[in-house]
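S.K.: what's the 3D shape of this:
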Amino acid sequence: MVVRTSAAEWHGRVPDGGGSVSLGSGAFEGPYSFGSRFGEVAGTNPEELLAAAHASCFSMALSLLLTEAGYTPTRVETLAKVGIEPAGNGFAITNIQLVTEGDVPGIDARTFAAHAEVAKRSCPLSKALASVDISLTANLIEGAEGVASQGAGRGDAVPPARPPVMSRRGSERFQRAR
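M.R.: Next up, the predicted model:
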């Protein structure tokens with residue numbers, strides 16, 4: 001079994017205190033506070049870190065599914081938006097929106113979307129977050145001709161699938177979705 005570790009520390013009261021979070025790998029360390037979580041203060045927050053984890057897990061799962069189906073993804077990029085709102089006496093993560101874009105030669109938009117739907121249900125973070133409503137929009141880049149879109153919704157017929165590859169570059173359309 002592989003175990004990954006991260007750490008967080010908090011000082012003071014929630015409204016005016018602050019803390020820091022660090023990844024066990026050393027790849028990231030940064031501050032967080034009430035203001036960075038619920039306002040526009042610089043720093044990170046648990047929901048942003050969860051969104052990064054989910055986007056990377058989903059992209060890797062989709063790339064695997066695509067590869068296993070005989071497709072070689074050139075690029076898969078996923079944006080995750082995590083919603084948090086008041087619930088009862090506290091707060092709850094109520095929804096996650098995944099928007100993925102793939103450049104996958106030889107695949108059509110419908111097949112890409114079907115593989116993306118399988119990845120949404122099968123990536124380890126989606127499974128761990130099963131109590132949260134997770135939506136998915138899957139967009140396939142078809143060469144220089146533009147983007148063909150196919151949203152994958154719950155209940156769509158899903159053929160055997162394989163997953164994507166990540167890149168910091170993105171099409172104009174994907175960048176606008178951010």
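
S.K.: for Ser122, phi and psi?
M.R.: Main-chain dihedrals, Ser122, degrees, to the nearest 10: phi -110, psi -10.

S.K.: Not counting residues beside it along the chain, what's closest to it?
M.R.: Ala61 (6.0 Å; C-beta to C-beta, 6 or more residues apart in numbering). C-beta here means a position set from N, CA and C on the backbone, and glycine is covered the same way.

S.K.: The one you found against Arg121, yeah?
M.R.: No. Look at Ala61 against Arg121 with C-beta atoms under 8 Å: they stay out of range, at 9.4 Å.

S.K.: So these two - more neighbours on which side?
M.R.: The neighbour comparison of Ala61 against Arg121 (other C-beta atoms under 10 Å) goes to Ala61, with 27 against 14.

S.K.: Can you tell me the closest non-neighbouring residue to Phe112?
M.R.: Leu140 (4.2 Å).

S.K.: ok, now Pro46?
M.R.: Of all residues not flanking Pro46 in the chain, Arg37 sits nearest, at 7.1 Å (C-beta to C-beta, 6+ apart).

S.K.: Shouldn't that neighbour be within a strand?
M.R.: No. Assessed by DSSP: H, G, I helix; E, B strand; the rest coil, Arg37 does not belong to a strand; its assignment is helix.

S.K.: if I pick it, what's in contact with it?
M.R.: Residues near Arg37 by C-beta atoms under 8 Å, 6 or more residues apart in numbering: Asn45, Pro46, Glu47.
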